[in-house]
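Asker: what's the 3D shape of this:
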Amino acid sequence: MKSPLILLAASLIVASLRATPGNGLGDACRQEAATVVPEDWQDVGARIPCGKPITVLGASGGAHAFRPTCPEFRLITPQHGECLGELAPGMQCRLAEVLPVSLLRCECDRPILGNGWVASGCSCWFDSIAGTVESFETRPCEKPHD
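Answerer: Model prediction:
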């Protein structure tokens, strides 16, 4: 068993190595800002064809079939902050909140013409919470208490 005195000495050495020279803020201040990550939409699952295909003649005389599709699901990750190493003297990147990642269920819209020839696209609605994402923010560094 190690002596409590040796453990205390070792912890003091580690603490002194962690201190950042010159700023008086210690290891808690990483001099980093949170970087804003924009909202992200990802289509998930199979693509569902909507309506009947429409054939369009191209300028070169070739025919091109057009048929809108709709994803089975859409995953939406909200805008959030991440600690990606952006330099910010006197600041730190800290956890601010945990945000939900939404799963939307999608389906083709009803055709514009009753015979199913022209589909206008797809509609999606909330299905469930698929998970979470941590959001970080930039805060001023706090000096350690004496």
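Asker: my guess is Glu97 contacts Ser135, does it?
Answerer: Yes - Glu97 is within contact range of Ser135, at 5.2 Å (criterion: CB atoms under 8 Å). For every residue, glycine as well, the C-beta is placed using N, CA and C.
Asker: Who has more neighbours out of these two?
Answerer: The neighbour count for Glu97 versus Ser135, taken as other CB atoms under 10 Å, is higher for Ser135 (18 against 12).
Asker: what about the more buried one, helix or strand, and which?
Answerer: Using DSSP states H and E, Ser135 sits within strand 122-140.
Asker: in its sheet, what does that strand sit against?
Answerer: Here strand 122-140 has these sheet partners by DSSP bridges: strand 91-108 (antiparallel).
Asker: Dump the strand it pairs with to PDB, restricted to CA.
Answerer: Only the C-alpha atoms of strand 91-108 are listed here, as PDB (Å, rounded to 0.1, in the frame of the first residue of the first chain):
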ATOM      1  CA  MET A  91     -12.500  31.500 -23.200                       C
ATOM      2  CA  GLN A  92     -13.500  27.900 -22.800                       C
ATOM      3  CA  CYS A  93     -15.800  25.600 -24.700                       C
ATOM      4  CA  ARG A  94     -18.300  24.100 -22.200                       C
ATOM      5  CA  LEU A  95     -21.400  21.900 -22.400                       C
ATOM      6  CA  ALA A  96     -24.500  24.100 -22.600                       C
ATOM      7  CA  GLU A  97     -27.400  21.700 -23.200                       C
ATOM      8  CA  VAL A  98     -28.500  18.400 -24.800                       C
ATOM      9  CA  LEU A  99     -30.700  18.700 -27.800                       C
ATOM     10  CA  PRO A 100     -33.100  16.200 -29.400                       C
ATOM     11  CA  VAL A 101     -32.400  14.700 -32.800                       C
ATOM     12  CA  SER A 102     -35.800  14.200 -34.600                       C
ATOM     13  CA  LEU A 103     -36.900  11.400 -36.800                       C
ATOM     14  CA  LEU A 104     -39.500  12.400 -39.400                       C
ATOM     15  CA  ARG A 105     -41.700  10.000 -41.300                       C
ATOM     16  CA  CYS A 106     -42.300  11.000 -44.900                       C
ATOM     17  CA  GLU A 107     -44.700  10.000 -47.700                       C
ATOM     18  CA  CYS A 108     -45.600  11.200 -51.200                       C
END
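Asker: I am finished for the moment; much appreciated.
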